[in-house]
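Colleague: Need a 3D model of the sequence below.
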Amino acid sequence: KFQKLLLPPPDQRGKGGETEGKVEVEAVENPENISRGAYNFSMTPDFMLRSQLDCIYGENKIFDIKTRATHAIRNCFNLLPEIPASERHLHFLDYRLTTKKGLWFSFEREMYDMIRAAFLKYSAQVRIGRMDGAFVAYHNTQEIFGFQYVPLSFMDKTVFGSSHMADTVFAVCSTLLARIIDQCIKGYDNATKLRFSVIPTTKRCLKLRMEEIVDETISPPQEPGQDPRVVHQVAPEAKEWYMWVQT
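Modeller: All right, here's what the predicted structure looks like:
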């Protein structure tokens, strides 16, 4: 992951930064098994949620790391269809962040896009992990233009109006998801393993799919900090529903 480039190697963690021309970084003691990955879990009345943790500052100030490509690179994949998708971003490297404010080439534009497109999922992840916020790195895949720390309270205010409303929306959505799953699992006994998927569509609806797992294979993690790789073999028949948004 690109986020790993922002983290020091294990032998340099917690040693602080150089002071010559820089701000000294507070030393933090890391547990020996930090490379195994760390998670926080949150409970709703009906199910458990998990959020991976990236960083901790001091004793308990946990925050996430987000890497945010520039506006041009994020929106280039529908352009230049004759060029392989893996190479299209190379034609937009000249789009650089050079000013604080403005419609283009600015940090203001990146924040505007992030509020509209990413803060909803960021706030959910940070809330599930009981984190303080997210540390964002702005880049074009070749160059980092700057960093910004975005607290959860700012996400709540810009998306929902207040942290109280954000907590309310999260609770209502969790209850709605639990009711949807309860309806989908009717007809299955408790011993049956199921895979539930929510699939977006081009219309104003979501496709809900329930598949019965007949076999699974679990492989060890490929890299430190990753989850074990789980491969499911599902039954050929799957149940599907569509959930429409009424406006």
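Colleague: and the longest helix for the protein?
Modeller: helix 163-184 (DSSP state H).
Colleague: List the buried residues for that helix?
Modeller: 166, 169, 170, 174, 177, 180, 181, 184 (16 or more other Cβ atoms under 10 Å). Every C-beta, even on glycine, is put in place using the N, C-alpha and C of the backbone.
Colleague: Neighbouring strands - and their directions - for the worst-scoring helix or strand of the chain on mean pLDDT?
Modeller: Lowest on mean pLDDT, DSSP states H and E among the helices and strands of the chain sits strand 55-57, with a mean of 87. Strand 55-57 has its sheet partners listed here by DSSP bridges as strand 61-69 (antiparallel).
Colleague: For the residue lying closest to residue 197 once chain neighbours are set aside, which residues are in contact?
Modeller: Distances taken as Cβ to Cβ, 6 or more residues apart in numbering place residue 209 nearest to residue 197, at 4.5 Å, with adjacent residues excluded. Counting by Cβ atoms under 8 Å, 6 or more residues apart in numbering, residue 209 touches 196, 197, 199, 238, 239, 240.
Colleague: and residue 83, which of the three is it?
Modeller: For residue 83, the assignment made with DSSP: H, G, I helix; E, B strand; the rest coil gives coil.
Colleague: burial count for it?
Modeller: Per other Cβ atoms under 10 Å, the neighbour tally for residue 83 reads 13.
Colleague: got a list of what residue 241 touches?
Modeller: 184, 207, 208.
Colleague: Need the worst-confidence member of these.
Modeller: Least confident entry in these, by pLDDT: residue 184, with 91.
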